[in-house]
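just need the structure, nothing else, for what follows:
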Amino acid sequence: MGSLDILLCFAGIVGCIHATEMTAEQWRKVIDINTTGSFLCAQAAAKQMQNQNTGGTIVFTASISGRRVNFPQPQSAYNVSKAAVVAMKDSLAAEWARYGIRVNSISPGYMDTVLNEGEGLEEARGIWASRNPMGRMGAVGELDGVVVLLCSRAGSYINGADFVVDGGATVF
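I've put the predicted structure just below:
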């Protein structure tokens, strides 16, 4: 099937549980999927890229949640998992650059996706939009440009970067 050149790690779950009520299993599930899962996928891809001697690109999905505390939802495990993804990106970018493997991440703000829909989120969605200079959540497709940049020749000298795509939410 050819060489493995690009890995996009987009998996992630959120657990909105108060820290005093969260079980160890609930904590581990979020950390395991968001952080450990991303690491294991990157590790497997990097081994293949090294064996091919072709280099490659790995892009993690982090979050603005790895940079600041979310409100009004309680989600300490998610925030910790995404902060870990940003730190992991730095470590792997430094370690694997000598193999021609670039590792970067994207930190979306609140996006209008399945993670942020459902019963009981109407009030939170209003708060998120009101705290964003653009007055809304991100739309599906608004991360595409950054992904294309990081995976193309135009991004071939970008390594260890985290692109915040949040409509300006983190400027407050």
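
so for the helix or strand containing Asn104, what's the average pLDDT?
Under the criterion DSSP states H and E, the helix or strand holding Asn104 is strand 101-108. Strand 101-108 shows a mean pLDDT of 97.

so after it, what's the next helix or strand?
Counting by DSSP H and E, the element after strand 101-108 in chain order, helix or strand, is helix 122-130.

contact partners of that next one?
71-73, 110, 116, 135-137, 169 (C-beta atoms under 8 Å, 6 or more residues apart in numbering). Yep, even glycine has a C-beta here, placed from its N, CA and C like the rest.

could you check the angle the helix or strand just after that helix makes with strand 101-108?
Following helix 122-130 in sequence order, the next helix or strand is helix 144-151 (DSSP H and E). What separates the directions of helix 144-151 and strand 101-108 is an angle of 170 degrees, with axes from the mean of the first three to the mean of the last three C-alpha atoms, to 10 degrees.

what's in contact with helix 144-151?
Counting by C-beta under 8 Å, 6+ apart, helix 144-151 makes contact with 6, 8, 57, 59, 102, 104, 106, 155, 158, 163, 165, all of which sit outside it.

quick one: Tyr157 from Thr170, how far?
Tyr157 sits 25 Å away from Thr170, taking C-beta to C-beta, to the nearest Å as the criterion.

who does the host helix or strand of Ser81 touch, helix- and strand-wise?
Using DSSP H and E, Ser81 sits in helix 76-96. The contact analysis (3 or more C-beta pairs under 8 Å, 6 or more residues apart in numbering; DSSP states H and E) places helix 76-96 against helix 24-31, helix 37-52, strand 56-61, strand 101-108.

among the ones you listed, which is nearest Met1?
With C-beta to C-beta as the criterion, Met1 lies closest to helix 37-52 of these, at 11.4 Å.

list of residues touching the closest one?
Around helix 37-52, the neighbours that count as contacts under C-beta under 8 Å, 6+ apart are 3-5, 7, 9, 11, 55-56, 58, 60-61, 85, 88, 92, 96, 99-101, 103.

out of those residues, which are buried?
Buried members of the contacts of helix 37-52, counted by 16 or more other C-beta atoms under 10 Å: 4, 7, 9, 55-56, 58, 60-61, 85, 88, 92, 96, 99, 101, 103.
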